Every structure is written in structure tokens, then in C-alpha cells.
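K.L.:
Mind looking at a prediction? Sequence and model below.
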Amino acid sequence: MPKVTYVSDTGEVRVIDGTAGDSVMQTAVRNGVPGIVGECGGVLSCATCHVFVDGADLGRLEPMNDLEDEMLDGTVVDRRPDSRLCCQITLSEELGDLRVTTPEAQE
């Protein structure tokens, strides 16, 4: 069972057991993780699930598609090289555990 470590912009840490096949966003919303809104429900149309992926994990993710890349240009907090929309990160046993940090604001 993959675990997701969510770190808030203030340093609060929550570790949640995820389910393979679910997104990092679904896992956060289902478990009330502050800082991840997921307003569009994961259909890649709102950018309210912006996260910063830990550098050790970033290279293990599938590359972002053009739409995600475009959506990241419209986030409230400026994107960084480690920015991703967590609705586009699917948990799997192969991927393993992840660590993400939420920005100070989403909306």
C-alpha cells in the first residue's frame, strides 16, 4: 500500500495510506488534507491541487502532459520546477511512497 506524506506550507506533516489506482488528490480530499482543494474533481480544469513534489520522488513520476503543463501556469502560487497537479499523479505499488508539499494558497 503506497503512502503519501503531505507537508503543509507551515511544515505540518500527515502520512496517509493510499490506494493503488487513486490519485494523490483523491487521497488528500478523501482524508481532509488541508491545502488541496481539488475543485474540479480531478478532470484537469482548475489547478487547485497544485503541489510541490519532493525532489527524490519527482523523477519517478510519469512526465506531465501538455494540458497539465499549461494549467500549472495559472496556479495562485507561482509554479516551480517541482510543481505538479496531484490529480495527475496516480498511486501504484510500483511508484511506492511519495512526499508532496502544498503551497500557501490554492484559490
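P.N.:
All right, it came through fine. Computed from a predicted structure; not experimentally measured.
K.L.:
need the helices for this protein, in chain order.
P.N.:
Secondary structure of the chain (DSSP state H): helices at 24-30, 55-58, 66-72.
K.L.:
elements contacting the first one?
P.N.:
Contacts of helix 24-30 with other secondary structure elements, assessed using 3 or more Cβ pairs under 8 Å, 6 or more residues apart in numbering; DSSP states H and E, are made with strand 3-7. The way it works is simple: take the backbone N, C-alpha and C, and place the C-beta from them, glycine included.
K.L.:
Next up, the contacts around the spatially most central residue of the chain.
P.N.:
By Cα atoms, centre = their mean, the chain has its centre lying nearest to C86, at 2.7 Å. Counting by Cβ atoms under 8 Å, 6 or more residues apart in numbering, C86 makes contact with 23-25, 28, 36, 49-51, 100.
K.L.:
likewise E107?
P.N.:
37, 39, 48, 76.
K.L.:
go with 7 Å
P.N.:
37, 48, 76 (Cβ atoms under 7 Å, 6 or more residues apart in numbering).
K.L.:
State the distance from D57 to E68.
P.N.:
The gap separating D57 from E68 is 16 Å, by Cβ to Cβ, to the nearest Å.
K.L.:
Columns neighbour count on top of the contacts of C86, output as CSV?
P.N.:
CSV is the format used below for the contacts of C86 (neighbours: other Cβ atoms under 10 Å):
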residue, neighbour count
S23, 20
V24, 30
M25, 25
A28, 27
I36, 25
C49, 31
H50, 29
V51, 27
V100, 26
